[in-house]
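Chemist: Pasted the sequence and its predicted model underneath.
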Amino acid sequence: MKILKKLTVLSLCLFSTLTASAYAGSLERTDWELSKLTTYSQGAIPKLERTLSLGFNQGMVYGFNGCNNFNSGYVQNERRATLTIKTNQMASTLMACMPQMEQVSKAFQLALQNTAQYKLTAKELTLLDNKGRALARFSKPITELPNTQWQVSSYNSGNALVSSLNSERMTAAFDKKGQLSGFSGCNNYFSSYNIDPSQGTMQVGAIGSTKKMCVQPEDVMQEEQAFLSAWKRVRSYQRLGQNLTLFDHKGTRVFTFRLLK
């Protein structure tokens, strides 16, 4: 009888362990960079200025598909490791893209549409179809901001994200001591910043700058003023590897950057 009781207890413990390990883990508040896209049949994905990405937060899935930003809802079952991305409810930007990038974005969309399961580790996320076949694989991106330097890809002029030959020369550097500095097209600027990485929030202090006047390039002073004014609206940030986006209090993009070093 004692032996039977011991075997019963051992079985229960083993069952509990297996049950616990069966949970795939929550995707909520995680961000990922694409490393492999099985649904893209043209070989290796072309190198892009911006990495394809996928993120999960507050019941929403969002990311960049190689051509446009998108967002939608998702349903996850951690016990069964199932995942449904509501592609029929997906919203996205409407940028026109080169044919090759259009093919990449369609392959990315197909992977999301066919996702039925997932596999999650500390460093990797794999989307699977209903037969367990891999559709797309993602890796954990670098998310630290201090001690990085960035080149402006676009900034919000107040009406929309814009970019020009002037804005491509603009930069931003975030040091380890909370100091922000960079080049705004004609002048050097400086400020302070404070971030909460756990919440993704950012506060930027008053902007100061040198006082040069530039005639060339054309419209540089006007663009510089719009760029410097945009910093007042920054409330949150998201770094995904080589890309950095700053947002206002409504979640609207204020700046997009690509990593310099």
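Modeler: Now that the structure is in, tell me what you want to look at.
Chemist: Would you mind giving the secondary structure of Glu168?
Modeler: helix (DSSP: H, G, I helix; E, B strand; the rest coil).
Chemist: Wait, it touches Gln151, no?
Modeler: Yes - counting by CB atoms under 8 Å, Gln151 is a contact partner of Glu168 at 7.1 Å. The C-beta positions use only the backbone N, C-alpha and C, and glycine is treated the same way.
Chemist: can you map out the strands along the stretch 101-250 of the chain?
Modeler: 117-120, 124-128, 134-139, 148-156, 161-162, 171-174, 179-183, 188-196, 201-204, 208-209, 236-240, 243-247 (DSSP state E, counting those that start in this stretch).
Chemist: what's the following helix or strand after the helix or strand of the chain with the lowest mean pLDDT?
Modeler: When each helix and strand of the chain is scored by mean pLDDT, DSSP states H and E, helix 2-22 comes last, with a mean of 40. Sequence-wise, the next helix or strand downstream of helix 2-22 (DSSP states H and E) is strand 30-37.
Chemist: May I have the strands that pair with that next one, each with its orientation?
Modeler: Counting by DSSP bridges, the strands paired with strand 30-37 are strand 53-57 (antiparallel), strand 134-139 (antiparallel).
Chemist: Same question for the longest one: list its buried residues.
Modeler: The neighbour-count check on strand 134-139 (16 or more other CB atoms under 10 Å) flags Leu135, Ala136, Arg137, Phe138 as buried.
Chemist: ok, now which ones touch the closest residue in space to Ala206 that isn't next to it in sequence?
Modeler: Counting by CB to CB, 6 or more residues apart in numbering, Ala206 lies nearest to Ser191, which is 6.5 Å off, once chain neighbours are set aside. Contacts for Ser191 (CB atoms under 8 Å, 6 or more residues apart in numbering) come out as Gln179, Leu180, Ser181, Val204, Gly205, Ala206, Ile207, Gly208, Trp231.
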